[in-house]
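Enquirer: Give me a 3D structure for the following:
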Amino acid sequence: MFLLVYIDDILITGNNESAISNLLINLNSQFSMKHLGPASQFFGISIQSTKDTYFLSQSAYALSILQQTNLAKCNSLSNPSVTKQPSNFKPDNTISDATVYRRITRGLQYLTITRPDIAHSVNNLAQHMHDPAPVHLYLLKPLLRYIKGTINFGLPIIKSKLQLRTFSDANWAGDPITKKSTTGFCTFLGENLVSWTVKKQTTVSRSSTESEYRALAAATADIIWMRRLIADFNISHNQPISIYCDNTSAIALANNPVFHVRTKHIEIDQRLLLLGCAGVLPARRLLSWRPGKFPPLCILIVLVFAQFFLLFFPLAVPFFYFFLISSSSDFYISGSALLWISDQEIKALASPF
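Expert: Numbers count the residues shown, from 1 in each chain. Presented below is the predicted three-dimensional model:
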């Protein structure tokens, strides 16, 4: 049984109905509470459940954002962003000033909890909230029109093997002004998306290999945290974790330590990826996975809400605290290398270099 508490809202899940009933009886005897039945809404997130399937969406919240800008009946678009900024454009009164821009952009940041498809576009718009230019007001409208056509999109959660895998990518020098790259990665637990990040890198990368390698390091740090998190749900994960990368140079850099003498400008990321590497094996020798007991499907919903609380409600951390327990873990980079990381080496990642 798992209990999620934020202020006066409680979400309970588990596979023992009697234990849940006893807990509700004990809570009602001590506090004034109202039992709302099976979860259908939580912090504006709709939870639709069928047999072996859940669907998380924010369609009502997305509609409220469109109504604030009078775009509830607008024509939809198939792309959330403009691939090339226009040199000349007509001013649009739909988003009139910077105040409206900030309010709508903040609302879109909350919408990304169940809409990873707009995460990159919202990230680009949020970088200019302090002083939005007319072009940024112009670029916000296509995103809202895309949301109009995809208002029913959300996160499906289905029953599948509980095996972690991560996809990493980077947009090299994507910022037209600072020339900084953007890191992007997403983590799946089986067939379910449970974690994703889009973030501008802190320094300028001198090559696409460097930007991709930094994205790999960020994805590795996230997957270590995720593996420890699911360990608290009694989900053992002893098989290698797949980290997929589409840059052959970054894969070769992770697989061949001889190259690292010439890449000291990314030494910290190199140590994060390879500090615990005891050996490198071809990806074809990946160990097979032995399935164990399947936990309650609702646990996947709690994992999504864990990301949501830590990102948007830091004050909820004392109520939603996970004691991280390290156990054996393995990682491999698809295409070239299989990196083996043990208990002691994972603990070394947390210690100063």
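
Enquirer: Please enumerate the strands of the stretch 151-300 of the chain.
Expert: Taking DSSP state E, counting those that start in this stretch, the strands of the stretch 151-300 of the chain run over residues 154-158, 164-171, 182-189, 192-200, 240-245, 280-281.

Enquirer: which of these has the lowest average pLDDT?
Expert: Of all these, mean pLDDT reaches its minimum on strand 280-281 (a mean of 33).

Enquirer: Which parts of the chain belong to which domain?
Expert: Domain assignment for the chain by automatic domain parsing gives 1-37, 57-149, 160-350.

Enquirer: Could you list the low-pLDDT ranges of this structure?
Expert: Residue ranges of the chain with pLDDT under 70: 257-353.

Enquirer: Looking at it, which helix is longest?
Expert: Once the chain is assigned using DSSP state H, the helix that runs over the most residues is helix 208-231.

Enquirer: mind listing what's buried in it?
Expert: Residues of helix 208-231 classed as buried under the neighbour-count rule (16 or more other Cβ atoms under 10 Å) are 208-220, 222-224, 226-231. Quick note: C-beta positions are derived from backbone N, CA and C, even for glycine.

Enquirer: number of nearby residues for Thr114?
Expert: 23 (other Cβ atoms under 10 Å).

Enquirer: That one touches Leu155, doesn't it?
Expert: Yes: if you go by Cβ atoms under 8 Å, Thr114 and Leu155 touch, sitting 4.9 Å apart.

Enquirer: Stretch 118-131: how far from the chain's middle?
Expert: 16 Å (Cα atoms, centre = their mean, to the nearest Å).

Enquirer: Starting from Ile251, give me the distance back to the nearest residue to Gln58 once chain neighbours are set aside.
Expert: In this structure, Gln58 finds its nearest non-sequential neighbour in Thr114, 5.1 Å apart by Cβ to Cβ, 6 or more residues apart in numbering. Going from Thr114 to Ile251 by Cβ to Cβ, to the nearest Å gives 32 Å.

Enquirer: If we go by neighbour counts, what in stretch 145-152 is buried?
Expert: Arg145, Tyr146, Ile147, Lys148, Thr150, Ile151.

Enquirer: How is the third one assigned, secondary-structure-wise?
Expert: Put plainly, it is Ile147. helix (DSSP: H, G, I helix; E, B strand; the rest coil).

Enquirer: Apart from its neighbours in sequence, what residue is nearest it?
Expert: Closest to Ile147 by Cβ to Cβ, 6+ apart is Ala62, at 5.4 Å.
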